[in-house]
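**Q** What would the 3D arrangement of this be:
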Amino acid sequence: MSESEVEQLCVNVVRGLAMDAPQAASSGHPGTAMALAPLAHVLFSRVMRHDPGRPDWPDRDRFILSNGHASILLYSMLFLNDYGLGLQDIEQFRQWGSLTPGHPEVHGTAGVEVTTGPLGQGFANGVGMAIAERFLRAHFGPEAIDHHIFVICGDGDLMEGVSHEAASLAGHLGLGRLVYVFDDNHITIDGPTDLACSDDVVKRFEAYGWHVERLGEVANDLDALEAGLRRGIVEVDRPSLLVLRSHIGWPSPHLTDTKEAHGDPFGAEEVRLTKALLGLPQDQEFYVPEEVPAFYRECARRGRAAREAWEERQEVSGEDRDRFEACLRGRGLRGWADSLPSFEAGTKLATRKAINKCLTATRERIPGLVAGAGDLTGNTGVDLGTGVEAQSHAHPGGMQVHFGIREHAMAAAMNGMALHGGVLPVGGTFFVFSDYARPSVRLAALSRAHVVYFFTHDSVGLGQDGPTHQPIEQLASLRAMPGLRVIRPADANETAAAWRIAVDYDGPTALLLSRQDLPVLAETSGLAAEGVGHGAYVLVPGRDDSTAPDIVLIGTGSEVQYCLGAARLLEPEGIVARVVSFPSWDLFAEQQAAYRDDVLPSAILRLAVEAAASFGWERYADATVAIDRFGASAPGPVNMEKFGFTADHVAQKARELLGTRARQTGEP
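**A** Sure, this is the predicted structure:
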């Protein structure tokens, strides 16, 4: 067979797998994978620099399938290129425990760079990856980092709002080395795209400042696809969008260009007819002749040679290896936490300001630190201070990112930065606006992306902006998210401990920080460094001997001070209160049962105090001082008083709780 004949066989085999896997699973999306098989073939065999033997090679090209429902296309390429998938994995498509789930999941399958499926997310992840690539190249030179990010996206990606935000940001930043192919197949689940959308995509992206090219009807022309991709590659000062007119389900005789080809298996008879048109055995499922994997694995040798040459350059480059490795891991240099400030008891400082002091004090010791906010740089504590350049085309190594009023794109781009490797992204916004970022926060948790959120203005204590800006239910909702660490520090010392934990963690962390000044508590100075890491810890034991206290007052964040004040008010009455600071449910749940029982004895009445919804506290407390309604527009101190967050009110609730117990048990 000639090389062109082998390449066509490769494409047809991928199309066969794209039909067979959903058919066997009775679930899946064959049509897009079939239409884009030639494009994927060109990317993996002709264009991208990658080495299946080292999927984590830092200077590899990155590939993102933003329309992740077409996952069988990516899995087929990973299998044929020898990324560790076998034919049995393709046969187990969408089955329990398989390496080929319904949508691509990073960390589970080698070669999958990001978790995609919710449309638009992969699009924005690519923007973050381009920021990370440019940042590293600026700091360590093209001998260390010099690669491209390739993204396939579809109509659904471009309709979702996150793509608008991310595309605008990418154009503004002038992100080259970013090549997107828009699969313009005119089909969505409901039917033709013109049911809901009549955008001029070309004009839209030209207005964003992208290089845009209509490739036209070349979805089956390998040479034309390669030429278009290479024209995108040479655009180093702006991102590229290549508009490819494809035909979903091609060459199915009855389902090409139909919505039925989008999300349903073809059925046995249509698969047979289509295989006949492709020249594939009609009675054989998962047909892969030996010429096909052999061809791809021969192509992979070029990537291996490029990777080996890169490794040789690193051995003689003389670069600061410690800084480079710290960047790649998103960590601080050895001993970085020694630079953390300490805070004097009795002073007052908002935790959003305390986190800024921690950030600026340690920035030189965290070489991959990249911090930004949704137009709230000073408000949220992410300002890296004087002498730090903003990320831009003119300053590609800038550590400060101005994301603009684009929380959704900010969070999704942060995921891309973290999963690319080389940076530790920090993003800030008001806590209530975490709702705008929530889909990306969820994917960060699912992907174990090492990102840090500064969610500030964390309660009704923020004051007169009112209930539209005052978070109530957000805290409980984030605590319910698996894999996301949520830490609400009580004061500046707890904030410093929380920053250390966030930097050293392998996944995402949300730090919930106050707008209003909070007293630095005397009790945290010697206890917070270790205590915050346990999630909850005893600030005031209540008794000096082995006798149990009468009640446990549990506080988080700005409300811990009121628990301490209430304990002092109760003491002259003979009521002994233990005070527990509880900054993180997640960390507390990781502790041994004996530790948890020691901090929060189940036999003792427990009162939780938190300026947020009471939802969930029943697992730790017998009663709460909380807020189960929306907030109010008033000065912050007035809000706190009116909603019951004072030492006097907490003490009164403690008395009532003890009185209720006494009446129930008949105790004096």
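**Q** Just want the most central residue of the chain.
**A** Most central in the chain under C-alpha atoms, centre = their mean is Ala444, positioned 2.4 Å from the mean C-alpha point.
**Q** Help me confirm that that one comes into contact with Ala413.
**A** No. Counting by C-beta atoms under 8 Å, Ala444 stays clear of Ala413, with 11.2 Å between them. (Glycine included, C-beta is placed from N, CA and C.)
**Q** just checking, what's the longest helix in the protein?
**A** helix 291-316 (DSSP state H).
**Q** For the very next helix or strand once past it, buried residues please.
**A** Sequence order places helix 321-329 as the next helix or strand after helix 291-316, per DSSP states H and E. Neighbour counts over helix 321-329 (16 or more other C-beta atoms under 10 Å) mark Phe324, Ala326, Cys327, Leu328 as buried.
**Q** what would the residues you listed look like in TSV with pLDDT and distance to Glu573?
**A** Listed next are the buried residues of helix 321-329 as TSV, based on pLDDT from 0 to 100; distance: C-beta to C-beta, whole Å:
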residue	pLDDT	distance to Glu573
Phe324	95	61
Ala326	95	54
Cys327	96	57
Leu328	95	58
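**Q** ok, so of these, who is nearest His393?
**A** Proximity of the buried residues of helix 321-329 to His393 (C-beta to C-beta) peaks at Cys327, which lies at 20.9 Å.
**Q** Nearest spatial neighbour of the closest one, chain-adjacent residues omitted?
**A** Spatial nearest neighbour of Cys327, excluding adjacent residues (C-beta to C-beta, 6 or more residues apart in numbering): Gly368 at 3.7 Å.
**Q** what sits against that neighbour?
**A** Phe135, Ala326, Cys327, Leu328, Gly330, Arg331, Gly422, Val423, Leu424 (C-beta atoms under 8 Å, 6 or more residues apart in numbering).
**Q** from the residues you listed, which two are the most distant?
**A** Using C-beta to C-beta, the two most remote members of these are Phe135 and Arg331, lying 15.7 Å apart.
**Q** Between the two, point out the one with more neighbours.
**A** Taking neighbours as other C-beta atoms under 10 Å, Phe135 and Arg331 compare with Phe135 leading, 24 against 19.
**Q** The more buried one reaches His420, doesn't it?
**A** No. Counting by C-beta under 8 Å, Phe135 does not reach His420; the two are 9.5 Å apart.
**Q** Export the helix or strand hosting Val212 to PDB, keeping only CA atoms.
**A** In this assignment (DSSP H and E), Val212 forms part of strand 211-216. Taking Å, rounded to 0.1, in the frame of the first residue of the first chain, the C-alpha atoms of strand 211-216 are listed here in PDB:
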ATOM      1  CA  HIS A 211      -6.700  35.300  13.000                       C
ATOM      2  CA  VAL A 212      -9.700  33.700  11.300                       C
ATOM      3  CA  GLU A 213      -9.700  31.500   8.200                       C
ATOM      4  CA  ARG A 214     -12.500  29.700   6.500                       C
ATOM      5  CA  LEU A 215     -11.100  26.300   5.500                       C
ATOM      6  CA  GLY A 216     -14.300  25.400   3.700                       C
END
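**Q** what's the following helix or strand after it?
**A** helix 222-233.
**Q** contact partners of that following helix?
**A** By C-beta under 8 Å, 6+ apart, the residues outside helix 222-233 that reach it are 7, 11, 38-39, 41-43, 46-47, 148, 150, 177, 179, 181, 211, 213, 215, 218-219, 240, 242, 244.
**Q** Report the residue spans of this structure with pLDDT below the cut-off.
**A** 544-546, 667-668 (pLDDT under 70).
**Q** okay, now the domains of it?
**A** 3-306, 336-522, 531-665 (automatic domain parsing).
**Q** What lies in contact with stretch 203-219?
**A** So stretch 203-219 is in contact with 35-36, 38-39, 167-168, 170-172, 174, 202, 224-225, 228, 231-232, 235, 238-247, 250, going by C-beta under 8 Å, 6+ apart.
**Q** Looking at these, which are in strands?
**A** Residues of these located in strands (DSSP state E): Ser240, Leu241, Leu242, Val243, Leu244, Arg245.
**Q** Give me the buried subset of those.
**A** If we count by 16+ other C-beta under 10 Å, these have these buried: Ser240, Leu241, Leu242, Val243, Leu244.
**Q** just the strands in the stretch 501-650 of the chain please.
**A** 509-512, 518-519, 537-540, 551-555, 577-581, 605-609, 623-625 (DSSP state E, counting those that start in this stretch).
**Q** Let's have those in CSV, adding distance to Leu475 and mean neighbour count.
**A** What follows is the strands of the stretch 501-650 of the chain, written out as CSV (distance: least, C-beta to C-beta, whole Å; neighbours: other C-beta atoms under 10 Å):
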stretch, distance to Leu475, mean neighbour count
strand 509-512, 7, 28
strand 518-519, 17, 22
strand 537-540, 19, 21
strand 551-555, 13, 27
strand 577-581, 16, 27
strand 605-609, 12, 24
strand 623-625, 13, 23
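**Q** Any idea which of these gets closest to Ala350?
**A** Here strand 518-519 is closest among those (C-beta to C-beta), at 6.4 Å.
**Q** Which residue, other than its chain neighbours, is closest to Asp146?
**A** Counting by C-beta to C-beta, 6+ apart, the residue nearest Asp146 is Arg137, at 5.9 Å.
**Q** Count the residues that sit near the one you found.
**A** 20.
**Q** what helix or strand is it on?
**A** In this assignment (DSSP H and E), Arg137 forms part of helix 121-140.
**Q** So which bits of the helix or strand just after that helix are buried?
**A** Per DSSP H and E, the first helix or strand lying C-terminal to helix 121-140 is strand 149-154. For strand 149-154, the buried set under the neighbour-count rule, 16+ other C-beta under 10 Å, comprises Ile149, Phe150, Val151, Ile152, Cys153, Gly154.
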